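> Predicted coordinates and the sequence they were generated for:
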Amino acid sequence: MTVHLQASLFDSAEAAPLRLTDLAALRRTELSHGAWIDVLPGWLTGSDALFEHLAAQVPWRAERRQMYDNVVSVPRLLAHYRKGEPLPHPVLAAARDALSAHYAEELGEPFVTAGLCLYRDGRDSVAWHGDRIGRGRTHDTMVAILSVGEPRALALRPCDGGAAQHRFPLGHGDLVVMGGSCQRTWEHAVPKTARGAGPRISIQFRPRNVG
Ligand SMILES: O=C(O)CCC(=O)C(=O)O
Ligand SMILES: [Fe+2]
């Protein structure tokens with residue numbers, strides 16, 4: 001499929017090299033119920049080139065998905081890479097390995113799978129959910145998301161209906177990591193938007209048996 005990305009305002013004529021910056025710059029926000037979120041804007045520089053590569057090269061498929069108790073139709077395109085399966089660009093393996101090293105002590109295991117989602121425009125979205133297939137339903141874990149292309153908001157809210165809500169606009173190489181109890185005590189979504197959003201790809205790295 002062909003998706004054209006509006007060049008980032010900060011792009012010069014010569015594309016910036018693809019480079020992962022230092023994860024020591026991650027900033028943590030504690031949520032309630034033992035959930036937290038780490039954010040590092042612009043983790044990957046030169047990310048527009050990765051967007052173009054992935055949009056063109058990944059075997060995207062449409063899907064209906066079992067989410068907790070419901071089957072929901074998923075208005076976005078998906079691809080999934082299991083443990084050991086080659087990823088569609090070498091910088092993704094470098095990203096996964098850097099995350100595994102950074103969180104080794106706290107997580108106690110490496111990130112091994114990669115899920116990719118392509119939101120073609122503001123009509124593509126994912127409804128409120130937690131990543132609760134497998135251990136995310138019962139145990140603390142982490143899901144790390146690298147975003148490339150045009151920013152879209154990742155929204156978070158507590159499952160107990162509390163008023164707190166967070167929205168993180170994510171695109172152009174930004175990193176967010178959901179941790180602690182986030183998958184079972186909080187929900188997240190990428191809401192639809194009428195504001196003419198351009199295409200975004202998210203890459204989610206997860207440990208074994210978290211989906
Ligand atoms: O695209 C995103 O940032 C979120 C994707 C997501 O929550 C999921 O696929 O489970
Ligand atoms: Fe999710």
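Structure's in. What do you need? Ligands and ions are numbered 1, 2, ... in the order given.
> Can you tell me the closest non-neighbouring residue to Leu23?
His102 (4.3 Å; C-beta to C-beta, 6 or more residues apart in numbering). The C-beta positions use only the backbone N, C-alpha and C, and glycine is treated the same way.
> What is the burial count for the one you found?
Close neighbours of His102, defined as other C-beta atoms under 10 Å, add up to 18.
> pretty sure it is touching Ala25, no?
No: with contact defined as C-beta atoms under 8 Å, His102 does not reach Ala25; the gap is 10.9 Å.
> before we move on, back to that, distance of the residue nearest to Leu23 from Ala194?
Distance, His102 to Ala194, by C-beta to C-beta, to the nearest Å: 37 Å.
> try Val71
Per C-beta to C-beta, Val71 is found 27 Å from Ala194.
> Same question for stretch 158-170: list its buried residues.
If you call a residue buried by 16 or more other C-beta atoms under 10 Å, then stretch 158-170 has these buried ones: Pro158, His166, Phe168, Leu170.
> what residues are up against the residue lying closest to Pro88 once chain neighbours are set aside?
The shortest distance from Pro88 to any non-neighbouring residue, by C-beta to C-beta, 6+ apart, is to Val58 (5.1 Å). Counting by C-beta atoms under 8 Å, 6 or more residues apart in numbering, Val58 makes contact with Ala79, Pro88, Leu116, Leu118.
> what subset of those is also close to ligand 1?
Applying C-beta under 6 Å from any ligand atom, the subset of the contacts of Val58 adjacent to ligand 1 is empty.
> right, and the pair among those residues with maximum separation?
Taking C-beta to C-beta as the measure, those reach their widest spread between Pro88 and Leu118, a distance of 12.0 Å.
> Hmm, Asp22 and Thr45 touching each other?
No: with contact defined as C-beta under 8 Å, Thr45 does not count as touching Asp22 (11.8 Å).
> higher neighbour count, those two?
Taking other C-beta under 10 Å, Thr45 and Asp22 do not tie; Thr45 has more neighbours (16 against 10).
> which residues does the more buried one contact?
For Thr45, the residues meeting the contact criterion (C-beta under 8 Å, 6+ apart) are Ala16, Pro17, Leu18, Arg19, Thr21, Gly173.
> So what sits opposite the residue in the chain that ligand 1 sits nearest to in the bridge?
Proximity to ligand 1, evaluated over the chain using C-beta to the nearest ligand atom, is greatest for Ser202 at 3.2 Å. Under DSSP bridges, the beta-bridge partners of Ser202 are Cys117, Ser147.
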